[in-house]
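Peer 1: got a structure for you, letters missing:
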């Protein structure tokens, strides 16, 4: 596997006649996975590195990829909730299919967020903020469809007033 990488020197990676970033290898084989590349780089880059340090680097890469996947899934679920909520807000109508879809996306987002907190990927405050954002979009969709009317002291009341004014404006013309 050493032939897949350019040669390394004490100063850095040499690629032809020039030296590139110290202690970073250039991956010449695009088909190799990132994990395999990290393993090879960790093993060949510094021969003085102990086996435990190489293992730690591999585990850190595994955790990074797992955390990245969880965060990406959370962002995807949140985008799905936002998309459905915005379509409902524009049309001001919510049919049974959209309502069930919205509930499913909200439940999936909450589940993914809670799991990320339990695994240590997200901080609890970050999770609360994201869950609050998801709940806000759901509330806005329900208000726009006329299924929820908050009291003046409840969150979403100003959005409710705007939606009522928007509904009353075409009737006044």
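Peer 2: Thanks, I have it. None of the values given here were measured: they were computed from a predicted structure.
Peer 1: host element of the residue nearest the centre of the chain?
Peer 2: Nearest residue to the geometric centre of the chain (CA atoms, centre = their mean): residue 72, 2.9 Å. Assigned by DSSP states H and E, residue 72 belongs to helix 51-91.
Peer 1: show me what the helix or strand following that helix is packed up against.
Peer 2: Once the chain leaves helix 51-91, the next helix or strand it forms, by DSSP H and E, is helix 96-119. Helices and strands touching helix 96-119, by 3 or more CB pairs under 8 Å, 6 or more residues apart in numbering; DSSP states H and E, are helix 51-91, helix 124-145. Glycine gets a C-beta too; all of them are placed from N, C-alpha and C.
Peer 1: of the ones you listed, flag the one that's most buried.
Peer 2: By mean neighbour count, with neighbours taken as mean count of other CB atoms under 10 Å, helix 124-145 ranks first of the helices and strands packed on helix 96-119 at a mean of 18.
Peer 1: now that helix, how far from the chain's geometric center?
Peer 2: 16 Å (CA atoms, centre = their mean, to the nearest Å).
Peer 1: what lies in contact with it?
Peer 2: 74, 77-78, 81-82, 84-86, 88-89, 92-94, 99, 102, 106, 109-110, 113-114, 116-117, 122, 148-150, 155-156, 159-160, 163 (CB atoms under 8 Å, 6 or more residues apart in numbering).
Peer 1: could you say what helices and strands the helix or strand following it packs with?
Peer 2: The helix or strand immediately downstream of helix 124-145 is helix 157-172, counting by DSSP H and E. If you count contacts as 3+ CB pairs under 8 Å, 6+ apart, helix 157-172 packs onto helix 124-145.
Peer 1: rerun that using 10 Å as the cut-off
Peer 2: helix 51-91, helix 124-145 (3 or more CB pairs under 10 Å, 6 or more residues apart in numbering; DSSP states H and E).
Peer 1: much appreciated, bye for now.
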